[in-house]
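**Student:** Dropping a prediction and its sequence here:
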Amino acid sequence: MYRFGIKFLLITICCCYLLSCTNKHEQHNKQDSTTIAVQPTVSIECDYKNLSKEFDLKLFFNRYKTTTVNDSCIVRLIISDKIDHHVIDTLLLTSIYYYDNVFKDCNHVLSYSTKVDFKGVGDDNDYGNIVIADLNFDNKEDIAVINDSGGNGGVFYNYYLQENQKFVLDKYLTDSMTYFPTKINKANRTLITYVHANAYQLAEHVYYFNNKTNNWIEKSQKFIPPIKQP
C-alpha cells in the first residue's frame, strides 16, 4: 500500500510538471505571435525645417498590417522650437483609412507661411499630408494633418490651433468642416470649402470665426456650378 502511494505521488508530480511546461510554452508562443503582429509594415520619418517660421516638425508614420494595435496607421508629429530645439508639443493621431501613398512622399506638404507647396495642391481637396496656416486669424501658425483619405469629396483633416505654444485639437473644424478650406479670408474671418455635391454642382460652405466668443459657426451653404480652373 505504501509503495502504491509513492508511485501515485510520483505520477501526479510528473503530470503537474508537464502541464506547467505546456502552459509556459503556449504563453511564450502567444507573446511571440503578439510581438510579430504589432510590427509595422511601413515606417517613415520626415524632417521639416522649412514649413514654419516658428517651429520645426518631425513626422513618424507607422502602418500596421492588422488592427491589433488600435488602428492600422499611427502618426506622431513632434513640434520643436526653431532656436533652442526643445520640444514644444507632440501630436498623435490614428487612422484606419489612409491610401497607400499617404505620408510616403515627405514633400507632399503645404505651408501658407513659408510658401512651400507641391504640384496639384487642392486637387480633390487634397492640400497635403500636413498644412501650416493661420486658421483662426490670430497671426499664429496652426497645423492641419490628414486623418482620413475620405471619398469623392476629398480627404479629411485634424485641425490643431496654437494656444500658448501648444496645439489644441479644434473639434468643430475637425468634425464639422473636415475638408481643408479652399479660401482663407482673414479680413472676413471666414474659411470656405467646396465639396462635390453631384455631377453638376459643388456645395459651398462658409465658416465664420467669432473672435469675441472664440467660436465657429457655419455662416452659409449653397450649391454652385463647378469652379473653372484657370
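**Tutor:** Thanks, I have the structure now.
**Student:** Quick check: which ranges of this protein have low pLDDT?
**Tutor:** Applying pLDDT under 70 to the chain picks out residues 1-38, 66-71, 229-230.
**Student:** can you give me the helices for the protein?
**Tutor:** Per DSSP state H, the chain carries helices over the ranges 2-37, 171-172.
**Student:** Let me see the ranges of the strands in this structure.
**Tutor:** Counting by DSSP state E, the chain has strands at residues 42-48, 55-63, 73-81, 87-95, 109-111, 130-133, 142-151, 154-163, 166-169, 183-185, 190-196, 202-210, 215-224.
**Student:** Kindly reformat the ones you listed as CSV containing mean neighbour count and distance to residue 176.
**Tutor:** For glycine as for every other residue, the C-beta is placed from the backbone atoms N, C-alpha and C. Below are these laid out as CSV (neighbours: other CB atoms under 10 Å; distance: least, CB to CB, whole Å):
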stretch, mean neighbour count, distance to residue 176
strand 42-48, 15, 28
strand 55-63, 19, 26
strand 73-81, 19, 22
strand 87-95, 15, 17
strand 109-111, 21, 22
strand 130-133, 22, 18
strand 142-151, 20, 14
strand 154-163, 22, 10
strand 166-169, 15, 13
strand 183-185, 13, 17
strand 190-196, 19, 10
strand 202-210, 17, 8
strand 215-224, 13, 7
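**Student:** and of those, who's closest to residue 101?
**Tutor:** Proximity to residue 101 (CB to CB) singles out strand 142-151 among these, at 9.1 Å.
**Student:** show me the contacts for the nearest residue to residue 42 once chain neighbours are set aside.
**Tutor:** Distances taken as CB to CB, 6 or more residues apart in numbering place residue 63 nearest to residue 42, at 3.9 Å, with adjacent residues excluded. By CB atoms under 8 Å, 6 or more residues apart in numbering, the residues touching residue 63 are 40-43, 72-73, 98.
**Student:** let's go with 6 Å and repeat that
**Tutor:** 40-42, 73 (CB atoms under 6 Å, 6 or more residues apart in numbering).
**Student:** cool, residue 90 as well?
**Tutor:** Contacts of residue 90 by CB under 6 Å, 6+ apart are residue 78.
**Student:** so it bridges to which residues?
**Tutor:** Counting by DSSP bridges, residue 90 is bridged to residue 78.
**Student:** Against residue 210, how distant is it?
**Tutor:** Residue 90 is 30 Å from residue 210, where distance means CB to CB, to the nearest Å.
**Student:** and if you look at residue 83?
**Tutor:** 34 Å.
**Student:** next one: residue 115
**Tutor:** Taking CB to CB, one finds residue 115 at 29 Å from residue 210.
**Student:** Need the strands of the chain in TSV (columns: distance to residue 122).
**Tutor:** Output for the strands of the chain, formatted as TSV (distance: least, CB to CB, whole Å):
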stretch	distance to residue 122
strand 42-48	20
strand 55-63	21
strand 73-81	22
strand 87-95	21
strand 109-111	9
strand 130-133	11
strand 142-151	13
strand 154-163	9
strand 166-169	24
strand 183-185	11
strand 190-196	9
strand 202-210	13
strand 215-224	16
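**Student:** Identify whichever of those lies nearest to residue 102.
**Tutor:** Proximity to residue 102, assessed across the strands of the chain by CB to CB, is greatest for strand 142-151 (6.3 Å).
**Student:** Run a quick neighbour tally on residue 225.
**Tutor:** Using other CB atoms under 10 Å, the number of residues around residue 225 comes to 8.
**Student:** wait, what's in contact with it?
**Tutor:** Contacts of residue 225 (CB under 6 Å, 6+ apart): none.
**Student:** Now it: phi and psi?
**Tutor:** Main-chain dihedrals, residue 225, degrees, to the nearest 10: phi -70, psi 160.
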